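> Sharing a model that was predicted from the sequence below.
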Amino acid sequence: MAVPELKHAEQPREKIRPYPRPPIDREVPSDFGLCIPYYDEELGVGHGEVHEHAVWFLSTVLRTVARERDLVYHSDYPVRYIDHRNNKQKQFYPDFLLARADTPKKVTADDLLFVLEVVSTDDRRKERKDTVVMRALNEYNEVDEFVLYFPDIEDDSIESPGY
């Protein structure tokens with residue numbers, strides 16, 4: 001039986017880049033910031049206990065996945081991206097990532113397969129950075145999978161899709 005030809009194939013989604021993205025330099029990161037885990041230096045915000053418990057649980061799961069699939073795992077590690085707001089290279093620190101890479105010390109956005117942000121809802125600025133800025137950043141850099149994890153589902157600021 002012949003497969004019917006599709007007359008109106010779905011068009012691929014247009015890229016969100018208004019101009020070509022420059023290549024990302026692949027050099028070993030040297031700026032690890034203050035080295036305070038899960039502390040946002042840009043906003044001067046730490047994370048609460050709920051965030052800490054989510055990180056502990058997810059790190060165990062994602063390390064196992066990385067080991068089983070021979071991937072690179074990092075948490076709160078500097079990754080070179082092209083910033084979607086100005087098309088310039090900048091380091092960001094995703095909560096979790098799984099990547100293909102030549103070495104674990106040379107991860108760029110081009111290597112990322114999976115990025116997960118644990119959303120902090122106790123500070124609106126950090127929540128906005130996680131849900132808006134990091135989402136747009138990962139989409140702009142064409143990261144395969146970007147996930148937002150809300151660890152405190154009882155938080156009234158989280159809008160439910162109504163399921």
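Happy to help now that I have it.
> Where in the protein is the helix or strand with the lowest mean pLDDT?
Sorting the helices and strands of the chain by mean pLDDT, DSSP states H and E puts helix 124-128 at the bottom, at a mean of 81.
> Dump the C-alpha coordinates for that helix into PDB.
Only the C-alpha atoms of helix 124-128 are listed here, as PDB (Å, rounded to 0.1, in the frame of the first residue of the first chain):
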ATOM      1  CA  ARG A 124       9.800  37.500  42.000                       C
ATOM      2  CA  ARG A 125      13.000  38.700  40.300                       C
ATOM      3  CA  LYS A 126      14.500  35.200  40.400                       C
ATOM      4  CA  GLU A 127      11.200  33.600  39.400                       C
ATOM      5  CA  ARG A 128      11.100  35.900  36.400                       C
END
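> who does the very next helix or strand once past it touch, helix- and strand-wise?
Moving toward the C-terminus from helix 124-128, the next helix or strand (DSSP states H and E) is helix 134-140. Contact partners of helix 134-140 among helices and strands, from 3 or more Cβ pairs under 8 Å, 6 or more residues apart in numbering; DSSP states H and E: strand 79-83, strand 112-118, strand 145-149. C-beta here means a position set from N, CA and C on the backbone, and glycine is covered the same way.
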